[in-house]
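Structure for this input, please:
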Amino acid sequence: MGESLADQMPGHTAGARGSAAAISPFALFFREFLRHPAMIGSIIPSSKRTIEAMLAPVDWASTKLFVEYGPGVGTFCVTILERLAPDATLLVIDTNPVFIDYLRGKFADTRFVAVHGSATDVGDIIAAQGFEQADYVLSGLPFSTLPSGVGEAIAEATHRVLRPGGSFLVYQYSAYVLRLLEPLFDSIDRDLEWWNVPPCGLFWAHKALPE
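Numbering: from 1, shown residues only. Next up is the predicted model:
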């Protein structure tokens, strides 16, 4: 897409990026939420119970590429890296350069790759890293508040890059995302995690194996 959504927003200066390491992860997340609430969608990071529930269906032994959109301060990344195989990769994509700079400083793990870009370009981004397909894609992006057409583009791009049998894991505070997932994916499981602020909808959209 060329220039990312974050590049078009005020407040992403070198000074803002440079100050990220000097504050706590919670304070950084809260500050960036206040700057761009429509792009982050939650005032605090996800709860541990939400993380555990969201990742429960993942077959870690068969996962070579796990992609996350909008990783924020890496709340999910910690658990993913704990479970990821030694030869697998966690690739995170965020339009916010403050978060990307923070994550690059936080994780020294060679399996971790952070890219400043748009989820709509996930195909080109994973290809640049030497991959053809992803096993799982995780997203907490607030689909109901994204600019017109962006949610649809992300859902379609994600379906294209997932391998047959792969899944799109989505946690949201609105069921709006179902209208984007249902036309593309073969089956969708859903649940609700009450131990989150606010309560969070969990969606697992599956791409079927060929018959």
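
From now on I want contacts and neighbour counts done on CA atoms only, so please keep to that.
Will do.

Can you get me a residue count around Arg190?
15 (other CA atoms under 10 Å).

Would you quantify the distance from the spatially most central residue of the chain to Trp194?
Nearest to the mean C-alpha position of the chain, by CA atoms, centre = their mean, lies Tyr69 at 2.2 Å. To Trp194, Tyr69 is 23 Å away according to CA to CA, to the nearest Å.

cool, Gly140 as well?
From Gly140 to Trp194 the distance is 16 Å (CA to CA).

out of the two, which sits in the busier spot?
Just comparing Gly140 and Trp194: by other CA under 10 Å the higher neighbour count belongs to Gly140, 21 against 12.

I'd assumed Tyr69 was in contact with that one.
Yes. The pair Gly140 / Tyr69 is scored as a contact, 7.0 Å apart, by CA atoms under 8 Å.

re the thing from before, which residues sit in contact with the residue nearest to the centre of the chain?
92-94, 119, 137-141 (CA atoms under 8 Å, 6 or more residues apart in numbering).

Swap in 10 Å and give it another go.
With contact set as CA atoms under 10 Å, 6 or more residues apart in numbering, Tyr69 has these partners: 91-95, 115, 117-120, 122, 137-141, 154, 170.

Just want the phi and psi numbers for it.
phi -100, psi 140 (degrees, to the nearest 10).

Tell me which stretches of this protein form strands.
For the chain, the strands defined by DSSP state E occupy 65-69, 89-94, 112-116, 134-139, 162-172, 187-193, 200-206.

how about these in JSON lines, adding distance to Ile126 and mean pLDDT?
Formatted as JSON lines, these follow (distance: least, CA to CA, whole Å; pLDDT from 0 to 100):
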{"stretch": "strand 65-69", "distance to Ile126": "9", "mean pLDDT": "98"}
{"stretch": "strand 89-94", "distance to Ile126": "8", "mean pLDDT": "98"}
{"stretch": "strand 112-116", "distance to Ile126": "10", "mean pLDDT": "98"}
{"stretch": "strand 134-139", "distance to Ile126": "8", "mean pLDDT": "98"}
{"stretch": "strand 162-172", "distance to Ile126": "11", "mean pLDDT": "97"}
{"stretch": "strand 187-193", "distance to Ile126": "24", "mean pLDDT": "94"}
{"stretch": "strand 200-206", "distance to Ile126": "20", "mean pLDDT": "95"}
